[in-house]
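[1] sequence-free structure coming up:
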C-alpha cells in the first residue's frame, strides 16, 4: 500500500496543503473504508505548535486520546487470554487448530500497584493506525493515532472482586479490533459486569503472545455477501467456544494455551448463569445468531447490525425469520430503520424480526448517528482532528460524515445509560423506567416497543 504521507511528517506538505484542504481530502478519501493508532508521542514545544497554527498549517504529531471516565462505582481490571480450540482445525496456525485472543474487563479490588493497561498492543495499534492514515485513510501521516500509548482506566491483571458478576460477550464490527469499544466495556465493568471481547482470527486484526500477528481482512475489502454467512457462523462458533472456556475457568481449571495466567479470584467472579452478548454491525448479527444457537446466552443487544447476508438484496437470515425465545434489543443508527419501506435505510431483516420475535424485544434509535458512533471512534476522531487542526469549523462537517451529527459526549452518555439499563433489566431483574418511554434527559434516543 502506498502512503500519502510518511511518518516523518514532511514539511513541504505542510506548506503546500492548507488545513482545510487536508481535512476535505481526508474526508473524501476516508469515508469509503470500513474499519479503523501507533508511534510514541513526541515532545512538542508549545510555542512551536502555536506558531504552526498561526501559519494556518496542521500540527501533525502522534495523538494519544482520552477515554471517558467510567460512571460506575467499581474499580476496574483487565486481562487478555490466548485460547486454542482443539475441535476446530486451522492449518494456518502453528498447531493446526483455531486460535483466539480475548480481553476481559471486570470489577476489581483496588490495587494501585498494578499498572494501567494501554489501549492496544503495539502491532495491532500499528495496523489500525495504518487503516485510518495515508492514501486510503483520512490523509493523516502514519503514526497519528497513538493507540499503543493511550492509557485506559483499567489496571492490568488486577485481582477480581470476589463476588459473582454477570458475563457479557462482545463481538466487534466487521474488520474491527476487539479494543475499539473499550470505553463501553469499561463502563459496563464499572457497573458490575464482566465484559469478554473477542477478536475473530483471520477477519479482525489479531495479535498473539510473542508478537505473532494476523492482520485480518484488508480494510479496503468491503463486506462480500458470499462470505458474510461464513463470518457469522465463525463468530457464533467463537462465542460458544469462549463460553465453554469460561465455564472451565469458573470450575477452577487453567484456561487455553500455555502461558495464560489468571488474576486472583477470577474464576470465582464469573456468574455463567447470567450471560448476555452484544455486538456492533456484523457483531450484532452474530449476537442474534449465537442466541439462536446457544441457550446459555440469555439476552442480546444488536448495535446497528443487519440480520441478513446482503443488506440490500436479502434474504433475511434464519434468526430474522424465526426470532428468538429470549430478549433482543435492536439499537440502530440513522442508517437503519424498519418502519417505512419507502424511506432510505429500510432494513427488511429488522422489520421481519420485529413481527416474529416472541422472546422480548425493544428498539432504540440513536438520532443523528452513523454506525461508527457505536464505537470509540466517536470521540477518538474528534480529539485527533482538534489536536492537529485546532478548532477549524470544517471539523464538524468531517465528524458528521464519519460518525453523524450526534454530539459525541451526549452519545457516549446515552449509550452507557440505555445499554446498562437493558442488561440490568434482563440479567439482574432490575427494571428501569428509562426503557419504558422517551426521556427528556436523552433527547437523542427514541424508543419503540
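    Yep, it's here. It should be emphasised that the depicted structure is a prediction, and the values quoted were computed from it without experimental measurement.

[2] which residues of the stretch 101-250 of the chain fall in helices?
    Under the criterion DSSP state H, counting those that start in this stretch, the stretch 101-250 of the chain carries helices at the ranges 122-132, 182-190, 225-250.

[3] Residue ranges in the stretch 51-200 of the chain under the pLDDT threshold?
    In the predicted model of the stretch 51-200 of the chain, residues 51-56, 134-136 satisfy pLDDT under 70.

[4] which residues of it fall in strands?
    With strands called from DSSP state E, counting those that start in this stretch, the stretch 51-200 of the chain shows them at 75-89, 97-108, 116-118, 151-156, 165-171, 194-198.

[5] Between these, which one is closest to residue 366.
    Smallest distance to residue 366 across these (Cβ to Cβ): 18.0 Å, for strand 165-171. C-betas here are computed from N, CA, C, even on glycine.

[6] what angle do the closest one and strand 97-108 make?
    Interaxial angle of strand 165-171 relative to strand 97-108 (axes from the mean of the first three to the mean of the last three Cα atoms, to 10 degrees): 140 degrees.

[7] quick check: angle from strand 165-171 to strand 194-198?
    Here the directions of strand 165-171 and strand 194-198 differ by 20 degrees (the same axes, to 10 degrees).

[8] quick one: strands adjacent to strand 165-171?
    Pairing partners of strand 165-171, with direction, according to DSSP bridges: strand 194-198 (parallel), strand 270-280 (parallel).

[9] quick one: contacts for the nearest residue to residue 373 once chain neighbours are set aside?
    Residue nearest to residue 373 in three dimensions, not counting chain neighbours: residue 403, with 4.5 Å by Cβ to Cβ, 6 or more residues apart in numbering. By Cβ atoms under 8 Å, 6 or more residues apart in numbering, the contact set of residue 403 is 369-370, 372-373, 377-378, 381.

[10] May I ask which of those residues has the most neighbours?
    Comparing these by number of neighbours (other Cβ atoms under 10 Å), residue 373 comes first, having 28 neighbours.

[11] Surely that residue touches residue 333?
    Yes: in terms of Cβ atoms under 8 Å, residue 373 counts as a neighbour of residue 333; the distance is 6.3 Å.

[12] between the strands of the stretch 51-200 of the chain, which one is nearest to residue 293?
    Nearest to residue 293 among the strands of the stretch 51-200 of the chain is strand 165-171; the distance by Cβ to Cβ comes to 12.7 Å.

[13] between the closest one and helix 182-190, how many degrees?
    Counting by the same axes, to 10 degrees, strand 165-171 points 170 degrees away from the direction of helix 182-190.

[14] hmm, back to that, residue 119 versus the residue nearest to residue 373, what's the distance?
    Using Cβ to Cβ, to the nearest Å, residue 403 is found at 18 Å from residue 119.
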